[in-house]
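**Q** model this:
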Amino acid sequence: TGVVPFMALLLLQRRPVAGRALLVTGSSCPGHSLCRSNVQEQTRRQVALLNATAQDLFSLYLKCQGEPFSSESDKLCSPTGIFFPDFRVNRTSERKEVMVAMYKLFAFLNASLGNITRDQEELNPTAKELLDRLHNTTKTTRGLISNLTCLLCKNYNIFQVDVRYGESSKTRSAFKKKQQGCQVLRKYVQVIGQAARVLLPHLSPS
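**A** Okay, here's the model as predicted:
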């Protein structure tokens, strides 16, 4: 598997792609014109928003799946056995390392949210509140990826990152689609809090 350019990654984000951690630096960044003047503050707000709304999204998802997910979420939604990007950075990690780990995490989440939304549009087409929240979360995540792309290019001249995505649920049974969604969202709730604690200090105003 090769590296994927940032802009191509944004266009192909729903494809399940396997890869290893690999950075490429050089002169191919598309320029600082991608960056807004308040990109760091906007990134902080996006991460804080995702962290603040993750648990409510997970709870609403469970409610809309019905039984046995409502009563057996601990068993059915345990993320053991599903792929999720390693997140081994902490507050003492180098800022560059943190930014790369964040990009991999949110690129994975954005693709996963796309899969979950597609499945719920099929399985629960009348669950308007859930679908709206999924769309809004995906929109926020997509904006966050754009800002991380800008920061990596501008600050470190990194323009390609190898990203691994999870398996598509498209051909699975309705039950397995629901289960994969709740497993990913349960893990999302766990990781987004850690991500916020690690990332936000690195984005604090100088």
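**Q** spell out the residue ranges of the helices in this structure.
**A** 6-11, 39-65, 73-76, 95-123, 128-156, 174-202 (DSSP state H).
**Q** for residue 166, find the nearest of the ones you listed.
**A** helix 95-123 (6.0 Å; Cβ to Cβ). (Each C-beta comes from the backbone N, C-alpha and C, glycine too.)
**Q** pretty sure residue 194 contacts residue 87?
**A** Yes: under the criterion of Cβ atoms under 8 Å, residue 194 makes contact with residue 87 at 6.5 Å.
**Q** ok, back up a step: Throw the helices of the chain into CSV and include mean pLDDT and distance to residue 166, thanks.
**A** Formatted as CSV, the helices of the chain follow (pLDDT from 0 to 100; distance: least, Cβ to Cβ, whole Å):
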stretch, mean pLDDT, distance to residue 166
helix 6-11, 39, 15
helix 39-65, 95, 16
helix 73-76, 93, 17
helix 95-123, 94, 6
helix 128-156, 94, 15
helix 174-202, 92, 7
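**Q** pull the contacting residues for residue 138.
**A** 110, 113, 114, 117 (Cβ atoms under 8 Å, 6 or more residues apart in numbering).
**Q** I figured the second one hits residue 140, correct?
**A** No: applying Cβ under 8 Å, one finds residue 113 not in contact with residue 140, separated by 9.7 Å.
**Q** and these two? Which one has more around it.
**A** residue 113 (26 against 19; other Cβ atoms under 10 Å).
**Q** distance of that one from residue 39?
**A** Relative to residue 39, residue 113 is positioned 22 Å away (criterion: Cβ to Cβ, to the nearest Å).
**Q** try residue 56
**A** 27 Å.
**Q** tell me which of those two has more neighbours.
**A** residue 39 (18 against 11).
**Q** check contacts around that one.
**A** So residue 39 contacts 147, 150, 151 (Cβ under 8 Å, 6+ apart).
**Q** before we move on, what about residue 177?
**A** Counted by Cβ under 8 Å, 6+ apart, residue 177 has contacts 119, 122, 123, 169.
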